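Asker: With the input below, show me the fold.
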Amino acid sequence: MANDIVDLLNEKKQLIDEVIKKYLPEKFDQKYLEWSLGKARYSYNVEALQKVLSEPIWDFLNRGGKRWRPALFLLISEALGADLKKVREFVVISELVHNGSLVVDDLEDRSELRRGQPCMHIKYGTDIAVNAGNMMYFLPFLALMKNKYSFSSDTIAKAYQVCIQELINIHAGQGLDIAWHNGLANADNINEQEYLQMCAYKTGTLARLSARLAVVLAGGYEKQEDVLGKFAETIGVAFQIQDDILNLTATSGKNNFTEDQIGSDITEGKRTLMVINTLSKASEEDKKELIEILNLHTNNREKIGKAIEILKKSGSVEYSKNYAKEMVRNSWAEANKILPESIAKGKLKKFADFLVEREW
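Answerer: This next block holds a predicted model:
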């Protein structure tokens, strides 16, 4: 199954990157700038815009990335019988917004590496990174502007509403994460439900956007949008839980992790499901030590190793793995009821399972 889904993702990635290059080419020219920005009242400096937008953004995009959110959009569109030639343009939305959020997230977390290379703010400067990250939030909405006559005005209006709401949500989720890994708002006593809501907004929201947008553009009905949106959100949350697990359990040289990246969530002081579960049942001594290490934001490998040891000893790693699998299983049961039988539906089920079981 894993090989099938990897092949599927690689296949979709080619299409997705083709679309991204239409909306954000690797090489800017006058014709593109007039198409995307409008005719200049005075004069465009093409080289300057190339240096501060296309160059740093494509340096970032070409490092990799799984493109699973737009792939999810395409799978759900296919499962709903949408005209893929009409909707394919919209893959640009979730993918560029996602990458913009990573650039900003790296700044906020003071990260040094992303996908094995220096973060954009380190390589190009904070000013370029902030501007390019923000550009990736807004530029993909050109897809709605340029394709507005391919759909009814009501459909386009609904698509805008979906996108705007989810972009509001993602910033709320990031805000919660920032508060907690900075030890604010009683961070040591947050519960699972509060954590899951943070994940639903921080990581689940762009998956939910992909699903809801697919339903809207396919002409689906309200219950499909609700159920498939929740299914996609659950995949996103489970994906985050698995990411957190890999951050502690990956082996250097494998899983796309370097030695310095293993345990980086401890350095950032992140309150993950594993941390919350451990704090609910560990000894007072272990809880105290874990909180102290998280609040230190330390790079000390010995202290990071001690925190990981406490988390593993409590059984929270296995607990979190099982939690993620059960979430997806329950959510699929609902999605299964409202999707017609098709090859695409089968792929969608395998896709969801793969994202939870993955080791990269």
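
Asker: Please work out which residues outside the host helix or strand of residue 352 touch it.
Answerer: Counting by DSSP states H and E, the element that carries residue 352 is helix 343-357. Defining contact as CB atoms under 8 Å, 6 or more residues apart in numbering, one finds that helix 343-357 is touched by 1-2, 4-5, 8, 68, 71-72, 75-76, 78-79, 231, 235, 238-239, 242, 324-325, 328, 332, 335-336, 339. The way it works is simple: take the backbone N, C-alpha and C, and place the C-beta from them, glycine included.

Asker: Cross those residues against helices and list the overlap.
Answerer: Mapping the contacts of helix 343-357 onto helices (DSSP state H) picks out 2, 4-5, 8, 68, 71-72, 75-76, 78-79, 231, 235, 238-239, 242, 324-325, 328, 332, 335-336.

Asker: Buried by neighbour count, from these: which ones?
Answerer: 5, 8, 68, 71-72, 75-76, 78-79, 231, 235, 238-239, 242, 324-325, 328, 332, 335 (16 or more other CB atoms under 10 Å).

Asker: which residues touch residue 111?
Answerer: Contacts of residue 111 by CB under 8 Å, 6+ apart are 105, 119, 264.

Asker: And for residue 117?
Answerer: 63, 123 are the contacts of residue 117 under CB under 8 Å, 6+ apart.

Asker: and the residue nearest to residue 118 when sequence neighbours are not counted, how many neighbours?
Answerer: In space, and not counting its chain neighbours, residue 118 is closest to residue 112: 6.6 Å by CB to CB, 6 or more residues apart in numbering. Residue 112 has 14 neighbours, counted by other CB atoms under 10 Å.

Asker: shouldn't residue 112 be in contact with residue 120?
Answerer: No: with contact defined as CB atoms under 8 Å, residue 112 does not reach residue 120; the gap is 11.3 Å.

Asker: mind showing which ranges of this protein have poor pLDDT?
Answerer: Applying pLDDT under 70 to the chain picks out residues 1-2, 251-260, 358-360.

Asker: count of residues packed around residue 29?
Answerer: For residue 29, the count of nearby residues is 12 (other CB under 10 Å).

Asker: Quick one: the helices in the stretch 101-250 of the chain, in order.
Answerer: For the stretch 101-250 of the chain, the helices defined by DSSP state H, counting those that start in this stretch occupy 120-123, 126-138, 142-146, 153-181, 192-202, 204-217, 222-249.

Asker: And the fourth one, what does it pack against?
Answerer: Just to be clear, that refers to helix 153-181. On a contact count with 3 or more CB pairs under 8 Å, 6 or more residues apart in numbering; DSSP states H and E, helix 153-181 meets helix 91-109, helix 142-146, helix 192-202, helix 204-217.
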